[in-house]
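Q: Just to be clear, the model below is a prediction. Sequence and coordinates:
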Amino acid sequence: MISSDFLAENSSYIENLMRHRFIYDVSRFLLLRREPELVTVLRSEVDDAGVDLVMTFRTVTRQIQMKTLAKATTNNSYSVAESLSGIVGGCVVWICYDRETLKPTHYHLMGGRGIAPMRDLTLFPQATKKKKGVKVPREGYRSIRIRDAESKKQSLEQLVSILFNLP
């Protein structure tokens, strides 16, 4: 099993790996339906609005901030760009994965169904960051916990249904 220390030291690598896995899993799911369909995927070059990934399926475009977690849930908070709630289709997807296999186990989603607007993130506490060992406010970011998500412990099929407003 990969140690927590290793995961923490290589968090950017693991997050990127999980993002690629997410794209693969969603694309595969939509291709293997009775009527195969394609999803358009765009990766953010600069993460200035909190968007890591943009996915369009049919007429629904989702602007996604990705988070990863090597367990089912946590009380830790995540910094989420408050501007995400002002973007049509904005949402946060937490990918929970097994530390032994690195396979996704389930997903949490903060955001509405299809293009329904996301909650106003300015209602959540301001995020902080450490600067020279002291916590200071992180402007433009809010402190969000998994328990704040509307959809918790979803399978891939359930998540795709909510993301793209499928029956």
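A: In hand now; what should we look at?

Q: and residue 140, how far is that from residue 46?
A: Distance of residue 140 to residue 46, given as Cβ to Cβ, to the nearest Å: 14 Å. All C-beta spots, glycine's among them, are computed from the backbone N, C-alpha and C.

Q: higher neighbour count, those two?
A: A count of neighbours by other Cβ atoms under 10 Å puts residue 140 above the other of residue 140 and residue 46, at 14 against 6.

Q: separation between the more buried one and residue 64?
A: For residue 140, the distance to residue 64 - Cβ to Cβ - is 18 Å.

Q: List the contacts of the closest residue in space to residue 114 that isn't next to it in sequence.
A: If you skip the residues right next to it in sequence, residue 114 has residue 165 as its closest partner in space, 3.1 Å away by Cβ to Cβ, 6 or more residues apart in numbering. Remark: with contacts taken as Cβ atoms under 8 Å, 6 or more residues apart in numbering, residue 165 is in contact with 60, 113-115.

Q: Out of the residues you listed, which two sit at the greatest distance?
A: Greatest spatial distance in the contacts of residue 165: 60 and 113, 9.4 Å, computed using Cβ to Cβ.

Q: Output stretch 154-164 as PDB, nothing but the C-alphas.
A: The C-alpha trace of stretch 154-164 is given here as PDB (Å, rounded to 0.1, in the frame of the first residue of the first chain):
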ATOM      1  CA  GLN A 154     -21.900   8.100  -5.900                       C
ATOM      2  CA  SER A 155     -21.000   5.400  -8.300                       C
ATOM      3  CA  LEU A 156     -19.600   6.500 -11.700                       C
ATOM      4  CA  GLU A 157     -23.000   5.800 -13.300                       C
ATOM      5  CA  GLN A 158     -24.800   7.900 -10.700                       C
ATOM      6  CA  LEU A 159     -22.300  10.700 -11.100                       C
ATOM      7  CA  VAL A 160     -22.500  10.800 -14.900                       C
ATOM      8  CA  SER A 161     -26.300  10.900 -14.600                       C
ATOM      9  CA  ILE A 162     -26.200  13.900 -12.300                       C
ATOM     10  CA  LEU A 163     -23.400  15.700 -14.300                       C
ATOM     11  CA  PHE A 164     -25.100  15.400 -17.600                       C
END
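
Q: Contacts for it next, please.
A: Residues lying outside stretch 154-164 but in contact with it, judged by Cβ under 8 Å, 6+ apart, are 25-26, 29-30, 55, 57-58, 60, 62, 91, 93, 104, 106-109, 113-114, 151, 166-167.
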